[in-house]
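Q: next comes the sequence, and after it the predicted model I'd like to discuss.
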Amino acid sequence: MAEKINVTALKAELYSQKSVSVCNQLLADKKSPFGIGSAAAEAAATSAAMILLALGGSDGSDPEVKKAATDAETLRTYFLRLIDEEIKCKAPLEKRLVDGAPAEEIEAGYRTACVIIDEILYTCIMLAELLDRVSDKISPSAADTAAASVYFAKTAMHTVRLMKAYYSTKMNEEVFARTTRREPELAIEGSEELMNGLIAKFEAMIK
């Protein structure tokens with residue numbers, strides 16, 4: 001039977017529009033829906049913002065730089081939206097846990113909760129690929145910012161990895177549990193050369 005819709009719950013609070021100070025307080029509050037998945041999206045949005053800041057020191061008339069800046073801004077606002085989407089995505093799980101729902105329903109809730117954090121993970125790789133396309137156009141004066149942007153993206157990705165590792169321990173279906181844990185590990189391993197190469201490249205410019 002379908003769950004009853006709570007009309008009041010549809011009036012969702014937009015955490016992406018709150019100040020850094022408020023979000024930081026919410027993250028520290030155990031009772032707040034703002035968790036480390038939201039923090040991962042926030043870190044990813046900060047990474048995109050840093051790319052925009054780094055590109056600000058490049059030739060703004062260059063078509064590749066302009067395209068990268070446009071794409072980075074699109075991803076920045078997308079990551080901010082994912083803060084709210086991540087909170088909404090895990091709401092069914094939290095309700096089932098409170099209600100003491102059957103184990104199979106709780107496991108389904110954990111699977112649903114993975115959807116948005118997966119999006120954060122893979123979009124961070126897109127962000128690194130975007131930066132790689134214009135890495136030769138980054139000014140030495142912005143190299144520290146560009147390198148830091150990659151570190152923030154990596155932080156977001158590893159946060160997702162840790163969340164999915166935890167979620168996997170709550171799943172009874174062995175294959176799905178193993179896949180849930182292993183997928184982000186493989187994605188991180190697959191992007192490691194790209195991301196570490198960007199960091200090394202930008203750090204070498206800081207002289």
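A: Thanks, I have the structure now. Numbers count the residues shown, from 1 in each chain.
Q: against residue 148, how distant is residue 193?
A: Distance of residue 193 to residue 148, computed by CB to CB, to the nearest Å: 19 Å. C-beta coordinates here come from the backbone N, C-alpha and C atoms, glycine included.
Q: more neighbours: which of those two?
A: residue 148 (18 against 9; other CB atoms under 10 Å).
Q: can you tell me the helix or strand for that one?
A: helix 143-168 (DSSP states H and E).
Q: any buried residues in that helix, and which?
A: 143, 145-150, 152-157, 159-161, 163-164, 167-168 (16 or more other CB atoms under 10 Å).
Q: show me what it is packed against.
A: Packing partners of helix 143-168 (3 or more CB pairs under 8 Å, 6 or more residues apart in numbering; DSSP states H and E): helix 36-55, helix 103-133, helix 174-204.
Q: cutoff 10 Å now
A: helix 36-55, helix 63-99, helix 103-133, helix 174-204 (3 or more CB pairs under 10 Å, 6 or more residues apart in numbering; DSSP states H and E).
Q: so for residue 20, which of those sits nearest?
A: Between residue 20 and the helices and strands packed on helix 143-168, the tightest spacing by CB to CB is seen for helix 36-55, at 8.5 Å.
Q: for that closest one, which positions count as buried?
A: Here helix 36-55 shows 36-52, 54-55 as buried, counting by 16+ other CB under 10 Å.
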